[in-house]
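K.L.:
Show me how the following folds:
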Amino acid sequence: MKELFTRWGRNLDSEHVLQEYPRPIMMRETHYEILNGWWEYAFTQNQKKPKQYDGKILVPFSPESVLSGVSRQLMPNEYLWYRTKIKCQEWDNKALQERLLLHFGAVDQSCKIWMNGHFVVSHVGGYLPFSCDISEYVHSGENELVIMVQDLSDTSYHAKGKQKLKRGGMYYTAQSGIWQTVWMEYVPQDRIKNVETKYIKTEKQKEKSTLNNCVNASEKVKIYIQTVSEQKDLIVQIDIRFPKIYANAEDNVTDFIALSHTIPDVQKSISGRANTWIEVEIQNAKYWSCETPYLYYFHVSLIECEDETDKTDKTDKKHVLDEVESYFAIRDFTIQQDEDHIPRIYLNNKKCFLKGVLDQGYWSDGLYTAPSEEAWIFDILEMKKIGFNMVRKHIKIEPQRWYYHCDRLGLIVWQDMVNGGEKYQSWFVTYLATVLSGLGITVKDHYSRLFARRSQKGRIEFINEVKETIQLLKKHPSICTWVIFNEGWGQFATQRITDMVRKIDSEYLIDSASGWFDQGTGDFQSIHNYFFPLKVKPEDVRAAVLSEYGGFTLEVEEHTASEKKYGYGGYKTKTEYQKAYRQLDRKIKKLEGQGLCGCVYTQWSDIEDEINGVYTYDREVNKLS
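P.N.:
As a prediction, the model looks like this:
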């Protein structure tokens with residue numbers, strides 16, 4: 001493949017790569033440092049620490065990407081080593097009761113970490129963040145951080161998404177190593193570990209059209225402030241601000257200096273015990289939607305009172321242990337029957353047709369890693385400009401800042417779980433499945449060989465990662481639906497896992513099996529259709545969605561990365577492409593009247609061989625304009 005840069009990649013400042021605060025859902029104003037930048041790297045054939053390093057790699061871009069400066073594939077029988085020096089401030093962690101945490105957004109696929117020669121932690125799972133306490137292993141001044149990575153890619157049962165060592169067609173260049181931000185954070189020993197909010201639906205709110213009509217209604221939310229020690233004798237003060245829409249690309253509300261000047265005044269202050277749910281009534285509530293993505297920002301202070309007589313409201317003598325900034329939204333996604341008794345998707349008790357687009361999250365220069373914050377914002381704003389109100393994040397977990405921008409810009413998210421399993425039987429999960437789907441025939445998911453789920457360890461790992469994914473992302477109001485399985489890739493125990501997901505948090509909708517091999521569970525009759533006439537046959541309970549369709553191809557010269565071409569329904573000119581898309585759009589509108597509740601067009605951008613994007617791979621040409 002040829003090198004193809006985005007505008008953000010061409011203008012990349014390698015000394016200031018992705019410097020934004022990585023965790024906007026729980027922002028801490030204490031000292032932190034982004035560790036992205038040039039590190040040393042080496043490839044080895046064994047687990048012995050290299051005596052010499054091969055060169056420099058730009059973190060957090062994977063070595064396979066051109067922006068990393070390496071452009072080399074890590075193979076399953078190799079190890080990738082990273083080394084960098086980090087400077088720590090003068091400190092005495094025991095006297096100050098302070099800790100130093102090292103955070104990794106994602107490292108694909110497994111890794112081990114050493115600090116100053118001391119082993120710290122190991123981690124498996126290429127898509128989920130993890131942290132480690134390095135307080136006991138560092139000293140003031142310069143410290144050595146070493147990381148060893150192994151990636152079995154698609155030769156194992158681990159989560160892999162659309163990665164493949166032998167890329168081609170609908171499978172893309174395999175990723176490895178660090179591909180999300182690395183950062184460290186000085187935190188109090190007694191500190192806030194997690195912030196969670198939940199909208200409380202009363203019987204009145206459950207009535208049809210209540211939220212839609214009662215613009216100035218009083219609503220209730222509950223907030224849970226979890227601390228590291230999980231003591232209940234600590235108290236928290238929560239200052240909730242009047243809601244505001246940050247719906248412009250220029251708004252960056254995680255810049256703490258800017259934040260203090262832009263967020264509205266405090267609407268309500270409330271105190272309560274840590275590690276318990278605190279109920280808050282919101283007067284004149286404003287609801288989150290795509291058109292008005294209202295966010296309520298709030299400040300949390302973790303307090304240790306000196307007066308033991310009343311821990312819940314004694315604030316004159318207090319010691320603030322920790323402070324964080326967070327946000328929530330008031331919104332409610334449900335499936336309800338309309339006036340014709342057809343199951344429909346409702347947002348805040350208002351019928352909402354989801355016009356979505358499939359987004360794989362690949363970039364021509366950074367592959368899994370967007371070259372900048374501006375690149376994400378460009379994608380989201382362009383999706384809305386074209387007319388999409390929903391994006392299906394396809395078999396990838398993005399950094400939390402991506403979801404934050406969907407929250408503030410008002411783009412609904414369907415989040416896929418990252419698929420795993422052994423080598424897929426293409427004749428079964430691709431070719432035969434397409435035919436069976438056209439005939440309306442499904443297959444039970446207990447055939448472990450056919451579904452590439454023979455490993456018990458792999459099944460357990462997938463279930464654990466589903467739980468972790470939900471716990472990580474459920475705080476984001478833009479997320480509407482969890483997509484558990486896609487087209488039978490590693491599918492198993494669909495009913496049991498659907499029940500588990502529902503039990504974790506019933507606030508979200510569930511697409512149990514997107515595409516083929518529907519097991520009759522979840523909230524959606526979820527259909528993929530690229531080759532047959534589009535149609536819909538509504539069920540009594542589940543809403544009907546066309547969760548993948550389209551895939552029309554158009555090659556734009558000088559804006560493709562591969563000589564090979566892949567997609568569905570090829571067109572030679574923009575005029576032909578746009579005419580076909582408009583015809584398909586009219587067909588979707590007709591199906592909406594017949595019971596279709598949502599659709600997901602394939603796809604947002606070209607990727608390697610695939611030229612079926614609305615945008616070219618480098619995000620330079622919009623094929624619909």
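K.L.:
To which secondary structure element type does the nearest residue to Glu374 once chain neighbours are set aside belong?
P.N.:
Nearest residue to Glu374 in three dimensions, chain neighbours excluded: Trp8, at 5.9 Å (Cβ to Cβ, 6 or more residues apart in numbering). C-beta coordinates here come from the backbone N, C-alpha and C atoms, glycine included. Applying DSSP: H, G, I helix; E, B strand; the rest coil to Trp8 yields a three-state assignment of helix.
K.L.:
okay, now Trp8: neighbour count?
P.N.:
21 (other Cβ atoms under 10 Å).
K.L.:
What of the one 5 residues further on?
P.N.:
Neighbours of Asp13 under the rule other Cβ under 10 Å: 8.
K.L.:
got the contact list for it?
P.N.:
Going by Cβ atoms under 8 Å, 6 or more residues apart in numbering, Asp13 touches no other residue.
K.L.:
Past the helix or strand bottoming out on mean pLDDT in the chain, which element shows up next along the chain?
P.N.:
Every helix and strand in the chain was compared by mean pLDDT, DSSP states H and E; the lowest is helix 210-213, with a mean of 50. Going down the chain from helix 210-213, the next helix or strand is strand 219-227, by DSSP states H and E.
K.L.:
And the helix or strand following that following strand, what does it pack against?
P.N.:
As assigned by DSSP H and E, the chain's next helix or strand after strand 219-227 is strand 235-241. Helices and strands touching strand 235-241, by 3 or more Cβ pairs under 8 Å, 6 or more residues apart in numbering; DSSP states H and E, are strand 219-227, strand 266-273, strand 277-282, strand 296-305.
K.L.:
So in that sheet, which strands flank the helix or strand containing Trp183, and in what orientation?
P.N.:
Element membership for Trp183 (DSSP H and E) is strand 182-188. Strand pairing for strand 182-188, determined by DSSP bridges: strand 32-34 (antiparallel), strand 98-104 (antiparallel).
K.L.:
what's the domain layout of the protein?
P.N.:
31-188, 202-328, 333-602 (automatic domain parsing).
K.L.:
what sits against Gln163?
P.N.:
153-154, 171-175.
K.L.:
can we see that at 10 Å?
P.N.:
64, 108-109, 126, 151, 153-154, 171-176, 367-368, 395-396, 418 (Cβ atoms under 10 Å, 6 or more residues apart in numbering).
K.L.:
quick one: it from Thr481, how far?
P.N.:
Between Gln163 and Thr481 the computed distance is 23 Å (Cβ to Cβ, to the nearest Å).
K.L.:
what's the answer for Tyr431, then?
P.N.:
For Tyr431 relative to Thr481 (Cβ to Cβ), the value is 27 Å.
K.L.:
what do you get for Lys112?
P.N.:
For Lys112, the distance to Thr481 (Cβ to Cβ) stands at 36 Å.
K.L.:
Same drill for those two, tell me which one is more crowded.
P.N.:
Regarding Lys112 and Thr481, a neighbour count based on other Cβ under 10 Å identifies Thr481 as having more, with 28 against 16.
K.L.:
doesn't Leu509 make contact with that one?
P.N.:
Yes - using Cβ atoms under 10 Å, Thr481 is in contact with Leu509, at 4.4 Å.
K.L.:
Touching both of the two, which residues are there?
P.N.:
333, 345, 414, 522-524, 545.
K.L.:
Sort out which of those are in helices and list them.
P.N.:
Of the shared contacts of Thr481 and Leu509, none are assigned to helices by DSSP state H.
K.L.:
and which of those residues is nearest to Ile34?
P.N.:
Trp414 (29.9 Å; Cβ to Cβ).
K.L.:
Can you tell me who that closest one pairs with across the strands?
P.N.:
Arg392, Thr481.
K.L.:
That'll do, ta.
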